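**Q** Turn this into a model:
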Amino acid sequence: YDLFEQSPWQGEGAFFFDAIMMALLAFKEADIENTPDLLRPLRNKNMSGVTGFLWNNAKHSKANMFLRQFRDGAYVTVAIANREGVEFSKPVIFPDGGSNPRIYDPDDFVDSAPTDLTTDPLVTSEGPPVLRVGVCGYYPKLAKQPGMMNYPAVVAMAKETMGTKSAVLAELTQLPFRISWHMGIVDSAQSELQAAMELANHDPPLDFLIGCTSDRVSIHAAATVAARGVIQISPFIFTSASEQDHFPFFFRTTPTSRDYAESVVAIMKSCALTFGTEMTRVGIIKDGDTRSHAFAGAVEAACQRDGCLARVFSLFDVLCMKRSFVPRDGYSCPTDRENFELRIFAVAVSSERLPAVVEAITQGDWKNKLLVAEGLTQTMAELTTETRFAMQGWVSLDHPQQGNSEAAMRFRHAWYSMNPSSLAHLGLQKHGINNSMGEGEIEVEAELYGASPFRLNTAQVFDAITAALLAAKTSMTRTSR
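**A** Next up is the predicted model:
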């Protein structure tokens, strides 16, 4: 068929013509003004072209969209729509041909003025507003671990005290909303992701998500809830990847690997005065643990920002320093020991592998080294007396969990006054709690609220929940003014 006998307004042809026309007009205007700048005439040009699309640097463009409807097999234009509104040229009809929507109302419909509801997502048509708070994470199901239930225990305490006279903060004794708690705390790391995704995809969407426990699931959840506008506050996150720009709704109540790494660099600078030498290099001992990997990567990044060099040593490199260490077939220990002459080492290994590292270092010539670890306070109970003595001179970076404030004292008092029976009403997604708990687990649960709450990120969890409720209350107070 003859191409040019067809309508020129089919497909995108007219838009291509407008694009060429705009480019030529801009070039012509720039030539008249004797300037190489083509952007200015393009930005200032305001025309509708052959398509009717009002051009103005795309940011201020105006597209008149046709609203069309099928009627008796024909495709009929009924309105023109743009960002300023809709202009109807014909009434929209229903499948049976009628155009009056009132005739489809139920018989008991009462015609009344529409209720003016606020757009605040907390507001409901009846009763007090509802704040939807989800809590995700896991607790290790180990009877011998004293803090295995701290996470659900502090959530239970928040659930019982928030909005009452027992609230830790005076601002939260009275709340202008009702809290709807959605629990996604499970008793195994393998089930954490599934529990988090159920909360992230909750319908209607949550207002806040507290958690999760592991970095992997926390970041996965952050990517999901960000698309739904859900605010996430994490009391456990360690990786500094959470600080990137594509997590605008992500907040935390705990320091990340970047915070620890910058402290390592600060220690290195300070020790330069003590050692009497310029510290430009630092060693990093790491294994394959996720947290260790995050810490090691953050130290490397911090060194690069500060102009120093970081040399990474694997667990195998360190084990080669043991006189009794014999590599497996196919492996050989490094012969270049120059790098081991570094004076400061950041130790980024899991607590399970730490004794092996300590033993290897003890047998090597490390008497003049400064070894900096992170978070050893939480793992001290797992270390044997022999390992602790062998760690003579080690230092550890730990973030204190207990604040020196009235709120901290009220938090401690509320914690000690709690009863473990509160956990039975928490709605945990659990496999071994209550009826199927072993004797050891029952004993741990009974002693739960007798131990200090300022450990195992317990206070950070409470701070995360407190931050969410304070933000919601402040938001509602401003909306009602």
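**Q** any idea where the strands of the chain begin and end?
**A** Ranges of strands within the chain are 65-71, 74-82, 85-88, 130-138, 178-186, 208-210, 231-234, 250-252, 281-286, 309-314, 344-348, 370-374, 395-397, based on DSSP state E.
**Q** Looking at those strands, which one is packed in the most?
**A** Ranked by mean neighbour count, these are led by strand 208-210 with a mean of 29 (mean count of other CB atoms under 10 Å). Every C-beta, even on glycine, is put in place using the N, C-alpha and C of the backbone.
**Q** Go ahead and name everything in contact with that one.
**A** 131-136, 155, 199-200, 221, 225, 230-235, 461, 464-465, 468, 472 (CB atoms under 8 Å, 6 or more residues apart in numbering).
**Q** do the same with stretch 463-474
**A** The contact list for stretch 463-474, computed with CB under 8 Å, 6+ apart, reads 122, 131, 133, 135, 155, 158, 162, 168-169, 171-172, 175-177, 179, 207-208, 210, 231, 233-235, 251-253.
**Q** mean confidence for it?
**A** Averaging pLDDT along stretch 463-474 gives 93.
**Q** got it, and stretch 329-344?
**A** For stretch 329-344, the mean per-residue pLDDT is 69.
**Q** list the buried ones in stretch 284-303?
**A** 284-287, 289, 291-303 (16 or more other CB atoms under 10 Å).
**Q** Output the strands of the chain as a markdown table; include the columns distance to C271.
**A** As requested, the strands of the chain are exported to a markdown table (distance: least, CB to CB, whole Å):
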| stretch | distance to C271 |
| --- | --- |
| strand 65-71 | 67 |
| strand 74-82 | 66 |
| strand 85-88 | 68 |
| strand 130-138 | 37 |
| strand 178-186 | 42 |
| strand 208-210 | 39 |
| strand 231-234 | 32 |
| strand 250-252 | 29 |
| strand 281-286 | 10 |
| strand 309-314 | 15 |
| strand 344-348 | 6 |
| strand 370-374 | 6 |
| strand 395-397 | 10 |
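**Q** out of those strands, nearest to P420?
**A** Counting by CB to CB, P420 lies closest to strand 178-186 out of the strands of the chain; the figure is 15.4 Å.
**Q** any idea how far F236 is from the residue nearest to V133 when sequence neighbours are not counted?
**A** Spatial nearest neighbour of V133, chain neighbours left out: F208 (4.9 Å); criterion: CB to CB, 6 or more residues apart in numbering. According to CB to CB, to the nearest Å, F208 stands 15 Å off from F236.
**Q** shaky segments in the stretch 101-250 of the chain?
**A** Applying pLDDT under 70 to the stretch 101-250 of the chain picks out residues 101-126, 141-148, 242-245.
**Q** please redo it, this time with the cut-off set to 50
**A** Scanning the stretch 101-250 of the chain for pLDDT under 50 picks out 107-120, 123-125, 143-144.
**Q** Please tell me how far L448 sits from P204.
**A** 33 Å.
**Q** swap in E33?
**A** 56 Å.
**Q** do F70 as well
**A** 33 Å.
**Q** same deal with F17?
**A** 47 Å.
**Q** who's more crowded, those two?
**A** Ranked by neighbour count (other CB atoms under 10 Å), F17 and P204 place F17 first, with 14 against 9.
**Q** How many residues are close by P129?
**A** So P129, with other CB under 10 Å, has 18 neighbours.
**Q** rewinding a little: so which of the strands of the chain comes closest to N419?
**A** Among those, strand 178-186 comes nearest to N419, with 18.2 Å by CB to CB.
**Q** what angle do that closest one and strand 130-138 make?
**A** 10 degrees (axes from the mean of the first three to the mean of the last three CA atoms, to 10 degrees).
**Q** for the protein, what spans make up the helices?
**A** 13-32, 39-44, 150-161, 192-200, 215-226, 257-275, 290-306, 315-319, 354-363, 376-379, 385-390, 406-416, 439-446, 458-480 (DSSP state H).
**Q** any chance of those in CSV, with distance to L397 too?
**A** Shown next, in CSV, are those (distance: least, CB to CB, whole Å):
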stretch, distance to L397
helix 13-32, 58
helix 39-44, 51
helix 150-161, 22
helix 192-200, 27
helix 215-226, 18
helix 257-275, 5
helix 290-306, 10
helix 315-319, 20
helix 354-363, 15
helix 376-379, 9
helix 385-390, 18
helix 406-416, 21
helix 439-446, 29
helix 458-480, 16
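**Q** Most tightly packed of the ones you listed?
**A** Greatest average neighbour count among the helices of the chain goes to helix 150-161 (a mean of 24), per mean count of other CB under 10 Å.
**Q** Centre of the chain to it, how far?
**A** 21 Å (CA atoms, centre = their mean, to the nearest Å).
**Q** swap in stretch 449-469?
**A** The mean C-alpha position of stretch 449-469 is separated from the chain mean by 18 Å, CA atoms, centre = their mean.
**Q** What's the end-to-end length of it?
**A** End-to-end span of stretch 449-469 (CA to CA, to the nearest Å): 23 Å.
**Q** quick revisit: can you tell me which of the strands of the chain is nearest to K28?
**A** Smallest distance to K28 across the strands of the chain (CB to CB): 29.2 Å, for strand 74-82.
**Q** May I have the residues that are in contact with H399?
**A** So H399 contacts T254, P255, D259 (CB under 8 Å, 6+ apart).
**Q** Please tabulate those in a markdown table and include pLDDT as additional columns.
**A** Output for the contacts of H399, formatted as a markdown table (pLDDT from 0 to 100):
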| residue | pLDDT |
| --- | --- |
| T254 | 89 |
| P255 | 88 |
| D259 | 89 |
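**Q** could those go into a markdown table alongside distance to M391?
**A** Formatted as a markdown table, the contacts of H399 follow (distance: CB to CB, whole Å):
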| residue | distance to M391 |
| --- | --- |
| T254 | 25 |
| P255 | 23 |
| D259 | 23 |
